[in-house]
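Undergrad: predicted coordinates and the sequence they were generated for:
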Amino acid sequence: MSVSVLGAGAFGTALAISLAGKGPVTLWARDAGDMAERRENAKRLPGCPFPETLSVTDDLEAGTEAEIILLAVPMQKLRSVLEEHKDALHGKHLVACCKGIELSSGVGPVSVITQTIPDATAAILTGPSFAADIARGLPTALTLACADAEAGRYLQAALTTANLRLYRTTDTIGAELGGALKNVVAIASGAAIGAGLGESARAALMTRGYAEMQRLAAHLKSEPTTLAGLSGFGDLTLTCTSEQSRNYRLGQSLGQGTPFDPTTTVEGAATARAVDALARDAGIDMPITRAVAGLLDNQLDVAGAMKSLLTRPLKEE
Ligand SMILES: NC(=O)C1=CN([C@@H]2O[C@H](COP(=O)(O)OP(=O)(O)OC[C@H]3O[C@@H](n4cnc5c(N)ncnc54)[C@H](O)[C@@H]3O)[C@@H](O)[C@H]2O)C=CC1
Ligand SMILES: O=C(CO)COP(=O)(O)O
């Protein structure tokens with residue numbers, strides 16, 4: 001079994017470092033030169049040296065020779081990357097490592113893979129993990145979701161490392177939704193803390209955010225247990241409570257009214273807009289997602305967003 005990682009951001013680099021502990025791994029990057037020379041991704045993951053078994057390349061042929069290819073590019077770039085490199089990716093095991101819902105289509109990464117490369121085996125690796133933790137070999141547990149149960153077992157064994165323990169499921173929709181939606185709730189949580197609304201408000205947002213996640217997951221017929229696992233509840237907990245999260249930090253800066261670097265990868269921003277549109281179309285009540293989309297589009301400030309949530313008709317839990 002051979003593995004390569006396509007996309008050398010923080011997460012792709014961290015996964016490549018972790019997997020290189022088991023055997024040779026190729027990391028494909030558009031700008032491999034500096035990393036190959038320094039043996040470190042100084043821009044995205046500084047302080048994490050590459051093991052000898054990790055090779056970095058910008059040669060697409062070398063980067064796509066492997067049987068298993070991890071796709072670690074941002075969600076909104078996934079379709080164009082797959083379209084561009086379609087010929088090299090046919091028939092492979094393609095594992096999405098991104099979190100989000102595509103703005104243009106309203107679907108998640110596994111569907112984007114199956115739509116663009118139908119003869120590939122599509123899977124997703126998702127759950128609570130910061131790239132730096134994985135790269136440093138700290139203990140981490142993630143969900144590997146693949147609709148093909150046999151392929152899922154194969155990928156689970158291939159991608160588990162000494163410190164990275166994978167659980168598997170065939171519920172790709174549930175796994176995609178957990179990873180995508182928790183980022184939206186993390187923006188809301190960061191905004192509440194940033195605006196000084198307190199930790200009780202954050203707990204309320206996390207819990208009611210989770211209720212929204214469950215409603216959409218039920219509508220899309222995913223298994224309720226998936227959302228209760230690492231890819232849903234697990235990642236929601238991590239992302240809503242840590243300043244290591246970029247989604248949480250974007251929320252904080254919205255709450256504080258301070259600037260935020262627009263070049264940062266913050267998956268929850270596009271996902272909030274995509275899911276708000278999806279929920280409106282499907283008639284699903286997702287008020288926190290709507291409030292986050294309103295905040296991001298400057299239609300609401302944090303006080304207005306909170307008011308929109310608190311003044312809704314009282315209901316059963
Ligand atoms: N950083 C983290 O701790 C974690 C990130 N993720 C997910 O991983 C995904 C990627 O995030 P990060 O690696 O953190 O982002 P990042 O901002 O560190 O890196 C994104 C990378 O994608 C590359 N890229 C963008 N467009 C490309 C294209 N057309 N062709 C080739 N490469 C392209 C960029 O050059 C950059 O290296 C996101 O969906 C994120 O939610 C998941 C778990 C943890
Ligand atoms: O997905 C993550 C943790 O599981 C990383 O979170 P951010 O993308 O918000 O940094």
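TA: Structure received. Numbers count the residues shown, from 1 in each chain. Ligands and ions are numbered 1, 2, ... in the order given.
Undergrad: from here on, just use CA atoms for contacts and neighbour counts.
TA: Will do.
Undergrad: helix or strand: which one has the most centrally placed residue in the chain?
TA: For the chain, K99 is the residue whose C-alpha lies nearest the centre (Cα atoms, centre = their mean; 2.3 Å). Using DSSP states H and E, K99 maps to neither a helix nor a strand.
Undergrad: state the distance from it to E52.
TA: As defined by Cα to Cα, to the nearest Å, K99 lies at a distance of 29 Å from E52.
Undergrad: just L314 next, same as before
TA: 60 Å.
Undergrad: neighbour-wise, which of these two wins?
TA: Per other Cα atoms under 10 Å, whichever of L314 and E52 has more neighbours is E52, with 13 against 7.
Undergrad: skipping its backbone neighbours, what lies nearest G137 in space?
TA: Spatial nearest neighbour of G137, chain neighbours left out: N163 (5.9 Å); criterion: Cα to Cα, 6 or more residues apart in numbering.
Undergrad: next one: the longest helix along the chain to chain centre, how far?
TA: Longest helix in the chain, counting residues (DSSP state H): helix 172-194. Counting by Cα atoms, centre = their mean, to the nearest Å, helix 172-194 is centred 9 Å from the centre of its parent chain.
Undergrad: what mean pLDDT does that helix get?
TA: Across helix 172-194, pLDDT averages out at 98.
Undergrad: after it comes which helix or strand?
TA: From helix 172-194, the next helix or strand downstream (DSSP H and E) is helix 199-219.
Undergrad: can you count the residues close to P139?
TA: P139: 13 neighbours (other Cα under 10 Å).
Undergrad: quick one: it from A131, how far?
TA: Applying Cα to Cα, the value for P139 to A131 is 12 Å.
Undergrad: can you point out the buried residues in stretch 7-22?
TA: 7-21 (16 or more other Cα atoms under 10 Å).
Undergrad: show me the contact partners of it.
TA: If you take Cα atoms under 8 Å, 6 or more residues apart in numbering as the criterion, stretch 7-22 is touched by 4-6, 25-30, 41, 44-45, 50-51, 53-54, 70-73, 97, 130-132, 134-135, 137, 159-161, 164.
Undergrad: pretty sure A141 sits in a helix.
TA: No: counting by DSSP: H, G, I helix; E, B strand; the rest coil, A141 is not part of a helix but strand.
Undergrad: returning to that earlier point: among the buried residues of stretch 7-22, which one sits closest to ligand 2?
TA: F11 (8.5 Å; Cα to the nearest ligand atom).
Undergrad: mind checking pLDDT for the closest one?
TA: On the pLDDT scale, F11 gets 98.
Undergrad: check which helix or strand it maps to.
TA: helix 10-19.
Undergrad: do the helix or strand bottoming out on mean pLDDT in the chain and ligand 1 meet at all?
TA: Across the helices and strands of the chain, mean confidence by mean pLDDT, DSSP states H and E is lowest for helix 60-63: a mean of 90. No: Helix 60-63 stays clear of ligand 1 (Cα under 6 Å from any ligand atom), getting no nearer than 10.4 Å.
Undergrad: and the average pLDDT for whatever helix or strand comes next after that helix is what?
TA: On the C-terminal side of helix 60-63, the closest following helix or strand by DSSP H and E is strand 68-71. The pLDDT scores in strand 68-71 average 98.
Undergrad: now do strand 68-71: everything it contacts.
TA: Here strand 68-71 has contacts from 1-7, 12, 78, 92-98, using Cα under 8 Å, 6+ apart.
Undergrad: need the buried ones from the residues you listed selected in PyMOL.
TA: Burial among the contacts of strand 68-71 is assessed by 16+ other Cα under 10 Å; the matching PyMOL selection reads:
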select buried, resi 3+4+5+6+7+12+78+92+93+94+95+96+97+98
